[in-house]
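Engineer: Generate coordinates for the sequence data below:
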Amino acid sequence: MKSIIPTSACLALAISGGSATAANNWPAKVVGTWNMTANQSTVALDITEQGTTGPCHTIGGTFATDDIGGYYCPDSGRISFFRYNSSNGVSSQSYTGNLSQPGSTVYMCGTFEADGPGGGVPGEYSFVATLE
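Structural biologist: Coordinates of the predicted model:
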C-alpha cells in the first residue's frame, strides 16, 4: 500500500525543520488522532495526553492497541516516543521525527526503529502522519 501523504511534504518539513527564522511556529499541542503510515502499514496514533512543564512535554497515548510514551518539544517541532508491546509491556519500536509548521495540514515525519519483541523485522523505517 502506498502512502497517501505527499513525499514533498516531508521534504519541505526536513528543510524547514532546521531554520532559525522559523522558530516557535510549531503547534503547541500534539494531542489528537494522527493517521499514520509506518513502513507501508496504516495505523491510528492517538496522543491523549501532553504535559505542560519544561521545554519538551511528555506525551502518552496509544498506537493501535499498544501504549506509547515520549516527548514533544513545541519550540522545535521535535517528537520522540516508544511503542510498548501490549502483550508484554516491552518497548518494540522507537519513533523520532518533526512536525510541520501549522498550515492547512499538520504533518509528522521521521523514522522508527524496530528493535524489540513484536516490533517487526529489525531495522530503520520511515513514517509519516497527518493530524485529523
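Engineer: where are the low-confidence patches of the protein?
Structural biologist: 1-24, 116-117 (pLDDT under 70).
Engineer: Run through the strands of it in chain order.
Structural biologist: Assigned by DSSP state E, the chain shows strands spanning 32-38, 41-50, 57-63, 66-73, 78-84, 91-99, 107-114, 123-131.
Engineer: Mean neighbour count for the ones you listed - can I get that in TSV?
Structural biologist: No exception for glycine: its C-beta is placed from N, CA and C like everyone else's. Output for the strands of the chain, formatted as TSV (neighbours: other Cβ atoms under 10 Å):
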stretch	mean neighbour count
strand 32-38	18
strand 41-50	16
strand 57-63	19
strand 66-73	18
strand 78-84	21
strand 91-99	21
strand 107-114	20
strand 123-131	18
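Engineer: Quick check: which of those strands is nearest to residue 26?
Structural biologist: strand 91-99 (5.4 Å; Cβ to Cβ).
Engineer: Leaving out the residues flanking it, which one is nearest to residue 64?
Structural biologist: residue 43 (5.0 Å; Cβ to Cβ, 6 or more residues apart in numbering).
Engineer: Same question for residue 123.
Structural biologist: residue 114 (6.0 Å).
Engineer: who's in contact with the one you found?
Structural biologist: 92-93, 120-123, 125 (Cβ atoms under 8 Å, 6 or more residues apart in numbering).
Engineer: Now flag whichever of those is closest to residue 38.
Structural biologist: residue 125 (6.6 Å).
Engineer: Test my guess that the closest one contacts residue 115.
Structural biologist: No: here residue 125 lies out of contact with residue 115, judged by Cβ atoms under 8 Å, at a distance of 11.2 Å.
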